[in-house]
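Trainee: what follows is a predicted protein model with its sequence.
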Amino acid sequence: MAPTQDAQLSPQLVLDEMKKNGVTHVVWLPDSETNFLYQLMQADPSLQLVPVSREGLAFSIAAGLATGSQTPAILIQNTGLMESGDSLRGWAIGLQIPMVMMVGYRGWTRHGVNADSAATYTERFLNAFGITYYLVETSADAPRISIAFEEARRTQRPVAVLMADEYHGFNR
Amino acid sequence: MFQTADMLRVFQAHRGDAIVVPGRGARHWAQISTRPNRDVPVGDPAMGGHAGFALGLALARPADRIVLFDSEGDLLMSLGILATVAELAPANFYHFMLDNECYATTGGQPVPNAKNVAYDVIARGAGYPRALAFDKLEDFEASLPSILAQPGPVFAALKVVPEVENVPIGQRVRWQTRTRDRVLADLRAELGVAR
């Protein structure tokens, strides 16, 4: 069955969830799944965008922000997350930094058959690092973002939100 | 080239109330600093991240001067951080980089093109408004007051003598006087911020 408009994930809802949880800085590198947020974030004076050129840089920057009592969120693609393993280990898990990673889930499909190894290894990667993750596919899933923030605060660890909107939602 | 410890003693006289991320200079800085609660010696959580961490602190604490002692090995792993710093241009960020031309903690193997990389040129090319290089301690000492008197971001590459370690990591004498958790807790208490 073809996807409908109801399957879309509203970027405004995602932004609202971040603001509800006090996010002050978004450390990000563009990707196709989360690009929809960019213009909204740019227009929001309460958020400072911190652009990076390699995803691994995001974790040490976020660690510094959190140490200074700010609330960072990371916005990257699953490909870059996998490239960032040591930074995630050392700067986020090692320093016990509460942070939410909004991860573009490139290659994800609802039926579970995909042709993109980026999707194949994403959840395996997170499981290897003991990172809890929540799938956000449609607007109805947006409250899971707050669950992720609450868990990050409670556990003092990074928590991932997988943005699975590429093939059937806003970016279609 | 000059000794890292000598350079840090010069800096100490001008430190004021800066928050210091001592990076690879932390072993000496722990013996020199008189304000340890404003020091952030987090060790080496993951190589290449010191500049990002210090940038994050600078963005979080715009009223505090943040001084970083980075290393060329770390920076080579994350050159893109220079463009991020330059774009955000935190006026409270002072980026010093120790260049010993090698990976000293792994036995002294040379970094790529060890003797020929002009890090100050790279920083300037990435957009730092001020980028300097020093290979004589007396020149650094003479310039330091003016470096710190002007707003950041500023970058200064410092040629330092390698202090090569060949002892297996598990057998090295610990220089750390506090755990990472304690370091971050002490800083937060000093700044009066909650976790």
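Mentor: Received, thanks. Numbering: from 1, shown residues only, chains lettered A, B, ... in the order given.
Trainee: distance from the chain centre to the helix-or-strand element of chain A with minimal mean pLDDT, please.
Mentor: Lowest by mean pLDDT, DSSP states H and E among the helices and strands of chain A is helix A:38-42, with a mean of 87. Remark: helix A:38-42 is offset 15 Å from the chain centroid, using Cα atoms, centre = their mean, to the nearest Å.
Trainee: buried residues in that helix?
Mentor: Buried positions in helix A:38-42, judged by neighbour count with 16 or more other Cβ atoms under 10 Å in any protein chain shown: A:Met41. Where you see a C-beta, it was placed from the backbone N, CA and C, and this is true even at glycine.
Trainee: CA atoms only: put whatever helix or strand comes next after it into PDB for me.
Mentor: Downstream of helix A:38-42, the first helix or strand assigned by DSSP states H and E is strand A:48-51. In PDB, the C-alpha atoms belonging to strand A:48-51 read as follows (Å, rounded to 0.1, in the frame of the first residue of the first chain):
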ATOM      1  CA  GLN A  48      22.500  27.800  18.300                       C
ATOM      2  CA  LEU A  49      23.600  25.600  15.400                       C
ATOM      3  CA  VAL A  50      27.100  24.200  15.600                       C
ATOM      4  CA  PRO A  51      28.100  22.800  12.200                       C
END
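Trainee: strands paired with strand A:48-51, and their directions?
Mentor: When pairing is defined by DSSP bridges, strand A:48-51 lines up against strand A:25-28 (parallel).
Trainee: can you list contacts of the partner strand?
Mentor: A:18, A:34, A:41, A:47-52, A:58, A:61-62, A:65, A:70-76, B:59 (Cβ atoms under 8 Å, 6 or more residues apart in numbering or on different chains).
Trainee: I'd like the mean pLDDT over that strand, please.
Mentor: Across strand A:25-28, pLDDT averages out at 97.
Trainee: mind checking pLDDT for residue 146?
Mentor: All of this is about chain A. Looking at A:Ser146, the pLDDT reads 98.
Trainee: hmm, I had chain B in mind actually
Mentor: With respect to pLDDT, B:Ser146 scores 97.
Trainee: flag every buried residue along whichever helix or strand it is part of.
Mentor: Take DSSP H and E as the rule and B:Ser146 turns out to sit in helix B:137-149. For helix B:137-149, the neighbour count (16+ other Cβ under 10 Å) marks B:Leu137, B:Phe140, B:Glu141, B:Leu144, B:Ile147, B:Leu148 as buried.
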